[in-house]
Each structure stands twice: as structure tokens, then as C-alpha cells.
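Q: Output the structure for:
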Amino acid sequence: MAPPRKHETDAILDATRALVLAEGPRAASVAAIAKVSGAPAGTLYHRFGNRNGVLTAAWLRALERFQTRAMAATGDSPLEAAVAMGVAAVGFARSVPEDARLLLTIRPSDLLDGAPDAEFAATLAAMNAPLIERLRELAREIFGDDDARTMDAMSRAVVDLPYAMVRRHANDAELPAWMEEDLADAIRKLLAV
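A: Residues are numbered from 1 along each chain as shown. Below is the predicted model:
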């Protein structure tokens with residue numbers, strides 16, 4: 001039986017996220033992450049491979065947390081399920097504001113040394129596939145189609161609008177209390193048949 005890890009992965013990724021948000025991606029060297037997290041640099045190299053590995057893991061963890069919430073959203077009808085899926089972005093930003101800020105303000109290409117590699121692209125595509133398929137299902141249920149124009153309309157309502165609303169307030173001390181209600185109303189209007 002292996003001994004328990006002295007330095008938990010989530011603590012390392014939390015420290016990485018905090019460093020990136022406070023000082024920018026370039027400040028997140030392995031040495032800086034080791035100092036902030038308390039984990040030896042050797043642990044970081046062993047667990048994540050290199051700086052890009054740590055930063056990628058922090059960003060993908062945030063994305064997974066968001067997508068878990070979005071995919072769990074349900075409603076009494078396809079329209080209300082789409083509304084719940086969009087509003088889930090606000091709930092995510094309220095519950096894990098640092099993860100929301102990381103996803104909203106830092107692109108992987110800004111975070112990493114060089115462009116994201118093929119493995120990152122494949123991981124991202126695999127993570128996004130269920131969400132895209134759920135949007136397709138909702139499009140077929142609401143509009144009876146999932147052609148390019150319909151999917152664009154679904155994305156505007158369920159992805160782009162929530163993203164824009166949360167991003168506008170991402171650095172506020174607290175998200176406005178009215179966000180969920182206003183967002184839900186706007187999504188319903190955009191998806192009205």
C-alpha cells in the first residue's frame with residue numbers, strides 16, 4: 001500500500017490558480033508554484049511533468065468543474081433544461097469564483113509555454129463532446145433541428161450569453177443577486193419558438 005500523498009493535488013492546483021490570477025501566467029514558474037503550494041519542485045515535476053502540465057491540470061480541473069455543473073442542469077421541458085444549463089454558469093461562478101475567473105480570463109494559449117499540444121487539444125475535445133451533444137439534443141427537442149444556424153442560436157443563448165454575463169462581473173466581490181433571474185429570462189427569449 002502506497003503512503004498517502006503529503007502534498008495533495010488539489011492544494012497544488014489551488015496554489016497554481018491563485019498565482020496565475022494574482023500575478024499572471026508568466027509568474028507561475030515551477031519554483032513559484034512550489035513555493036506557494038509548499039510542495040517540492042520535484043513533486044511537481046513527478047506529478048505533472050513540467051510547468052505546462054501543472055497549468056494545464058489547473059485549467060482543465062476548472063473546466064471539468066464547470067461542465068459537471070452544466071451537464072447536471074435539468075428542467076421540466078427542453079426549454080427549461082436549456083435555461084438551467086445556461087444559468088449553471090452563474091451557479092458555478094458563485095460556488096468557485098476563482099475557477100470561473102481562470103476560465104473566463106485566461107486562454108490556454110496565454111497560460112502555456114508555446115501552443116497547447118495535441119494531447120491537450122484531444123483532452124479538451126473529449127471533455128467538450130458531451131456538452132456539445134447535449135446542446136444538439138436540446139436544439140432538436142426545442143427547434144426540431146440541429147443544423148448550423150440552429151446550433152449557433154443554441155450556443156448564443158446557452159453558452160455565449162451566460163459567459164458574457166459572468167465575465168462582466170467576474171472580478172466583482174460578489175455577483176449581483178439578480179443574475180440568475182435576468183439570465184433565465186434572456187435565454188427564454190432567445191430560444192422562443
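
Q: Pull out the buried positions in the lowest-mean-pLDDT helix or strand in the chain.
A: Within the chain, no helix or strand scores below helix 108-111, which has a mean of 82 by mean pLDDT, DSSP states H and E. Residues of helix 108-111 classed as buried: P108, L111 (neighbour count, 16 or more other C-beta atoms under 10 Å). Glycine gets a C-beta too; all of them are placed from N, C-alpha and C.

Q: What's the end-to-end length of stretch 110-128?
A: 20 Å (C-alpha to C-alpha, to the nearest Å).

Q: Could you do stretch 142-151 as well?
A: 11 Å.

Q: So which bits of it are buried?
A: I142, F143, D146, T150, M151.

Q: Save these as TSV, and put in secondary structure and pLDDT too.
A: Output for the buried residues of stretch 142-151, formatted as TSV (DSSP: H, G, I helix; E, B strand; the rest coil; pLDDT from 0 to 100):
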residue	secondary structure	pLDDT
I142	helix	98
F143	helix	97
D146	coil	97
T150	helix	97
M151	helix	98
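
Q: For my notes, please list those in CSV and give distance to L111 for each entry.
A: Listed next are the buried residues of stretch 142-151 as CSV, based on distance: C-beta to C-beta, whole Å:
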residue, distance to L111
I142, 35
F143, 36
D146, 32
T150, 33
M151, 28
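
Q: which of those lies closest to G42?
A: Nearest to G42 out of the buried residues of stretch 142-151 is M151 (C-beta to C-beta; 46.4 Å).
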